[in-house]
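Asks: no sequence for this one, just the structure:
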């Protein structure tokens, strides 16, 4: 059902784009709009990953520079039956992460230094598994296409405002052009956000299965959302069109499941992960609730276990400190 809904939403976004082109230039305008969409998506297909990684100043790491992180990604990629993605680190205090790349063979996982410092190894494993799920589901390409189409619709609608009103009876007219300039980008934004929310639920589910402990991801989501309220991500604020890529909205951190959010409600995601945990028969983690229930050292304490490692000795301060 998730894939069917995503396909329907993507078809609706394409139809909206061609509809704006038709209002501006009739059948010819619709065909030109389709050609523009194909060209912009082709460009994004080859360049989107490099562009977004550069935008956030992400630097690639390896087993020599970040052995714990790269080893964890490699272990989880093996579980997911994925090629080893490139691993990047962003010098950003807000804990967050995203995946990018046109296909699993050319994928990258990027995490912030805040994520590495504030999460336990188990929680970090849950986040990385979520991002690998996006790669396995080809969501990285899908979200690039939807973002490109949404941006193209906004550009085309503004173009129609200047030229559509001068077409007499053949165009939408001045009033129609104004409405098109307002409603078309709004509709595109809503469809883009709906696709993003659908794919987040799917990635949570698959990520929980990859890591084997869905509640590790649930605990991480609580921590990340709490930090998003308090720690600004200035680069994301300057580029809000990339907000849907992150595991938690880096702009506001608000977890309200409505038409204008790029992510589902965190509480709804946690409820779905709790259900998955019960289905898998996984050992339940401590109850995921308010942020104060989770001290900075993580909810796992002395008895926590890594994805496939033995017991973690001593207080869990995260795998890096």
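Replies: That came in fine, so what should we check first? Here the structure is a predicted model, which is why all the values come from computation and not from measurement.

Asks: residue contacts, residue 107?
Replies: By C-beta atoms under 8 Å, 6 or more residues apart in numbering, residue 107 lies in contact with 49, 82-83, 85-86, 99-101, 135, 140. For the C-beta atoms, the positions are set from N, CA and C on the backbone; glycine is no exception.

Asks: at 6 Å instead, please
Replies: Residue 107 makes contact with 85, 101, 135 under the criterion C-beta atoms under 6 Å, 6 or more residues apart in numbering.

Asks: Contacts only, for the second one.
Replies: Right, the one you point to is residue 101. The contact partners of residue 101, by C-beta under 6 Å, 6+ apart, come to 49, 107-108, 140.

Asks: and which of those is nearest to residue 14?
Replies: The closest of these to residue 14 turns out to be residue 140 (C-beta to C-beta; 19.0 Å).

Asks: out of the contacts of residue 101, who has the most neighbours?
Replies: Within the contacts of residue 101, most neighbours by other C-beta atoms under 10 Å means residue 140, with 28 neighbours.

Asks: Surely that residue is within a helix?
Replies: Yes. Assessed by DSSP: H, G, I helix; E, B strand; the rest coil, residue 140 belongs to a helix.

Asks: thinking again about what came up before, which residue in the contacts of residue 101 has the weakest pLDDT?
Replies: Note: of the contacts of residue 101, the lowest pLDDT belongs to residue 49, at 83.

Asks: Okay, it and residue 262: tell me how far apart.
Replies: According to C-beta to C-beta, to the nearest Å, residue 49 stands 19 Å off from residue 262.

Asks: go on, residue 230?
Replies: 19 Å.

Asks: between these two, who's got more neighbours?
Replies: Legend: neighbour count by other C-beta under 10 Å for residue 230 and residue 262, higher for residue 262 (24 against 10).

Asks: Please verify my assumption that that one contacts residue 245.
Replies: No. Using C-beta atoms under 6 Å, residue 262 makes no contact with residue 245, being 9.0 Å away.

Asks: which residues in the stretch 1-150 of the chain form helices?
Replies: 2-55, 67-79, 113-118, 121-136, 139-163 (DSSP state H, counting those that start in this stretch).

Asks: Let me know the closest of the contacts of residue 101 to residue 68.
Replies: Closest to residue 68 out of those is residue 108 (18.1 Å), distances taken as C-beta to C-beta.

Asks: Surely that closest one touches residue 100?
Replies: Yes. Contact criterion C-beta under 6 Å: residue 108 and residue 100 qualify, at 5.4 Å.

Asks: any common contacting residues for the two?
Replies: In terms of C-beta under 6 Å, 6+ apart, residue 108 and residue 100 are both contacted by the residues residue 49.

Asks: Please name the residues that touch residue 129.
Replies: 76, 207, 210-211.
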